[in-house]
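> Please find the sequence and the predicted model below.
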Amino acid sequence: MNVNDKEELELDLFISMVKSYFDYDFNDYSRASIKRRIKQLAVQSGVEHISELIPKVLYEENFRDVLLQSISVTVTEMFRDPSVFASIRNEVIPALMILPTVNIWHAGCATGEEVYSMAIILREAGLLQYCTIHATDFNEASLDIARQGKYPLENIKGYTKNYIAGGGICSFSDYYTVDGKWAILDPTLREQIRFYRHDLAKDEGFGMMNLILCRNVLIYFKKHLQDHVFNLFDNSLDVNSFLVIGDKETIEFSPIANSFEAFCPTCKIYRRG
Ligand SMILES: C[S@@+](CC[C@H](N)C(=O)[O-])C[C@H]1O[C@@H](n2cnc3c(N)ncnc32)[C@H](O)[C@@H]1O
């Protein structure tokens, strides 16, 4: 057996142990990305082989959180892909305005920047107080950051640029105060947001949503898990509701493709029939 075969075997054993012990199933994650991340975790943990991580699953108290931190790619930003937020602002929000209440789900929200971006455009449209925003991720450490709404001040220049490019109608500085090296977002933006731990691979959906955003999450999943998540969204969306996915993701070959029309194809915004 060569080194690569041994590594693959160790990875299978580790993934199987994680599934049995923590009930997280990484079998349906893109193999190359999960392997790279678990190998990095082995290096950080000071062990030579993936199999040496197995006792840590069993005996190290915080290992679940350490593992999720290693596997999660939490890269995000406010108004990421500004043209998507411009489309939501100009085309999706007017369609939501006719509803008495609006339910929104951000699945895989990471540290929350996308969720606060949405709260800002909803406030500017006068719609925020009629909305409930469910913001979920399976990484509790990221959710803790999201709940605080406190981000490095050095990021604000880029976020301001994105906000303007996404059609922002106020001054972005109206939405935060500065505390040393931190920007603290206006806490009233959080009033309609509920942050929950939620695993897209195994947990149920949230009732009838009018808009679901799941951007830059499906890209890390194999097709089988992508299809499972698309079905979950299909079952969680009301008729005439919207689904927004990431730039490199597609609904096209999924089992739900025929139930959705491309509302804004360049922005990966779909509408359920
Ligand atoms: C790159 S971030 C995307 C953040 C944001 N949606 C964006 O586009 O900027 C991917 C997020 O997906 C989350 N994630 C990965 N697998 C998940 C799962 N099975 N259930 C819930 N969240 C998951 C990760 O923890 C991470 O925070």
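Sure, I can see it.
> Would you mind measuring from the nearest residue to residue 201 once chain neighbours are set aside to residue 12?
In this structure, residue 201 finds its nearest non-sequential neighbour in residue 25, 5.5 Å apart by C-beta to C-beta, 6 or more residues apart in numbering. C-beta: built from backbone N, CA, C; applies to glycine. As judged by C-beta to C-beta, to the nearest Å, residue 25 and residue 12 stand 13 Å apart.
> Between the two, point out the one with more neighbours.
residue 25 (15 against 12; other C-beta atoms under 10 Å).
> which ones are touching the more buried one?
For residue 25, the contact set (C-beta atoms under 8 Å, 6 or more residues apart in numbering) comprises 15, 19, 201, 202.
> what's the answer for residue 165, then?
Residue 165 is in contact with 79, 82, 83, 86, counting by C-beta under 8 Å, 6+ apart.
> For it, give me the pLDDT.
Residue 165 is assigned a pLDDT of 98 by the prediction.
> Can you pull the phi and psi angles for it?
Backbone torsions of residue 165, given as degrees, to the nearest 10, read phi -60, psi -30.
> what's the answer for residue 183, then?
Per degrees, to the nearest 10, the backbone of residue 183 is at phi -100, psi 120.
> Also residue 239?
Torsion angles at residue 239 (phi, psi; degrees, to the nearest 10) stand at phi -70, psi 150.
> my read: it touches residue 261, true?
No - counting by C-beta atoms under 8 Å, residue 261 is not a contact partner of residue 239; they are 11.9 Å apart.
> Identify the contacts common to those two.
Residues touching both residue 239 and residue 261 (C-beta under 8 Å, 6+ apart): residue 273.
> Run through the residues of the stretch 151-273 of the chain sitting next to the ligand.
Within the stretch 151-273 of the chain, the positions near the ligand by C-beta under 6 Å from any ligand atom are 198, 199, 200, 201, 215, 216, 217, 246.
> Can you tell me the SS state at the fourth one?
It refers to residue 201. At residue 201, secondary structure determined by DSSP: H, G, I helix; E, B strand; the rest coil is coil.
> residues in contact with residue 151?
Taking C-beta under 8 Å, 6+ apart, we find residue 151 in contact with 78, 111, 113, 159, 182, 183, 185.
> can you rerun that using 6 Å?
Listed by C-beta atoms under 6 Å, 6 or more residues apart in numbering, the contact set of residue 151 reads residue 183.
> Report the rounded mean pLDDT for the helix or strand containing it.
In this assignment (DSSP states H and E), residue 151 forms part of strand 150-152. On average, the pLDDT along strand 150-152 is 98.
> all strands of the stretch 51-200 of the chain, in order?
102-107, 131-137, 150-152, 176-179, 182-185, 193-197 (DSSP state E, counting those that start in this stretch).
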